[in-house]
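Enquirer: sequence unavailable; structure follows:
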């Protein structure tokens, strides 16, 4: 009998470049579509008016409202705060606002100076939101 030898087939190597590209695209998709932090909306009224999402009730003429002015300016160690003329740190802001809220204050106005970091303004607004004030207004020049 005649014996015919069949040549051994060479195994093809799987190209790794397309596989790595697909894995990289999947990693990017999952990174960009996932949520790493919880976002909390801040109700901010710009330059007076009613706070967002609500209306201001009329106050009787006999009630004296306490106005809180929070000034923020860039400082040597972050942002320097002044609340009604009293210098404070960010950690003591909520306590001072609560003290003023107990004295009858309901609203505050935040006046950031030019050059104040936007992230610091958001931190101040977030800290003020944790106080017992009903609204905090942001006044931008």
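Expert: In hand now; what should we look at? Owing to the predicted nature of the structure, the values given are computational and were not obtained by experimental measurement. Residues are numbered from 1 along each chain as shown.
Enquirer: could you pull out the helices for this protein?
Expert: Ranges of helices in the chain, per DSSP state H, are 16-33, 93-102, 118-129.
Enquirer: so can I have a markdown table of those showing mean pLDDT?
Expert: Formatted as a markdown table, the helices of the chain follow (pLDDT from 0 to 100):
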| stretch | mean pLDDT |
| --- | --- |
| helix 16-33 | 92 |
| helix 93-102 | 88 |
| helix 118-129 | 87 |
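Enquirer: need those in JSON lines (columns: mean neighbour count and distance to residue 73).
Expert: For glycine as for every other residue, the C-beta is placed from the backbone atoms N, C-alpha and C. Shown next, in JSON lines, are the helices of the chain (neighbours: other C-beta atoms under 10 Å; distance: least, C-beta to C-beta, whole Å):
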{"stretch": "helix 16-33", "mean neighbour count": "9", "distance to residue 73": "37"}
{"stretch": "helix 93-102", "mean neighbour count": "17", "distance to residue 73": "14"}
{"stretch": "helix 118-129", "mean neighbour count": "16", "distance to residue 73": "10"}
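Enquirer: the ones you listed: which one's closest to residue 109?
Expert: helix 118-129 (10.4 Å; C-beta to C-beta).
Enquirer: so what secondary structure elements neighbour that closest one?
Expert: For helix 118-129, the packing partners by 3 or more C-beta pairs under 8 Å, 6 or more residues apart in numbering; DSSP states H and E come out as strand 68-75, strand 78-83, helix 93-102, strand 107-112, strand 135-138.
Enquirer: to residue 31, which of the ones you listed lies closest?
Expert: Of the helices and strands packed on helix 118-129, nearest to residue 31 by C-beta to C-beta is strand 78-83, at 30.9 Å.
Enquirer: strand partners of that closest one, parallel vs antiparallel please.
Expert: strand 68-75 (antiparallel), strand 86-88 (antiparallel) (DSSP bridges).
Enquirer: point out the most buried one among those.
Expert: Across the strands paired with strand 78-83, averaging neighbours per residue (mean count of other C-beta atoms under 10 Å) puts strand 68-75 on top, at a mean of 18.
Enquirer: and the angle from it to helix 118-129?
Expert: Here the directions of strand 68-75 and helix 118-129 differ by 150 degrees (axes from the mean of the first three to the mean of the last three C-alpha atoms, to 10 degrees).
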